[in-house]
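# Quick one: sequence and predicted model below, then my questions.
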Amino acid sequence: MPSGPAWAAGRRVYTWPNVSKESAVPTAPNGVRASSLGVRWTKSRHSNAEGNCVEVATLGDGSVAMRNSRDPDGPALVYTPAEIAAFLAGAKEGEFDHLV
């Protein structure tokens, strides 16, 4: 159970005893409307002119949201910092090169 709410950037943030920020559950649920998060979205400079882009944003609790740039009001997927770190490490090592 949460130890109690705190407020960050107008959102309720729960903290769990003995749980690091990196492994804590993100405060925004997966599938939340991306445009409702009130964050600054960033896309890669490698994105193309056709709009085939994934955009990312850091949330107040340190989690990272991702959205499809072609659907800015659509759902966002939200990941913990540890999940993002694991994905980026795999991408840097070429683990996903077979997908493209």
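Done, it's in.
# quick check, residue 27 in a helix?
No. Applying DSSP: H, G, I helix; E, B strand; the rest coil, one finds residue 27 to be coil, outside a helix.
# Now residue 84. Its backbone dihedrals?
phi -60, psi -40 (degrees, to the nearest 10).
# Repeat that for residue 78.
Main-chain dihedrals, residue 78, degrees, to the nearest 10: phi -120, psi 130.
# can you check residue 67 too?
Dihedral angles (degrees, to the nearest 10) for residue 67: phi -140, psi 160.
# Test my guess that it contacts residue 76.
Yes. Counting by Cβ atoms under 8 Å, residue 76 is a contact partner of residue 67 at 4.7 Å. From N, CA and C alone the C-beta is placed, and that goes for glycine too.
# Which neighbours do those two have in common?
residue 34 (Cβ atoms under 8 Å, 6 or more residues apart in numbering).
# Residue 93 - how many residues pack around it?
Neighbours of residue 93 under the rule other Cβ atoms under 10 Å: 9.
# ok, now how distant is it from residue 45?
Distance, residue 93 to residue 45, using Cβ to Cβ, to the nearest Å: 21 Å.
# Ok, residue 94 next?
20 Å.
# More neighbours: those two, which one.
Using other Cβ under 10 Å as the criterion, residue 94 and residue 45 rank with residue 94 on top: 8 against 5.
# Could you pull up the residues touching the more buried one?
By Cβ under 8 Å, 6+ apart, the contact set of residue 94 is empty.
# Locate it within the secondary structure: which element?
Using DSSP states H and E, residue 94 maps to neither a helix nor a strand.
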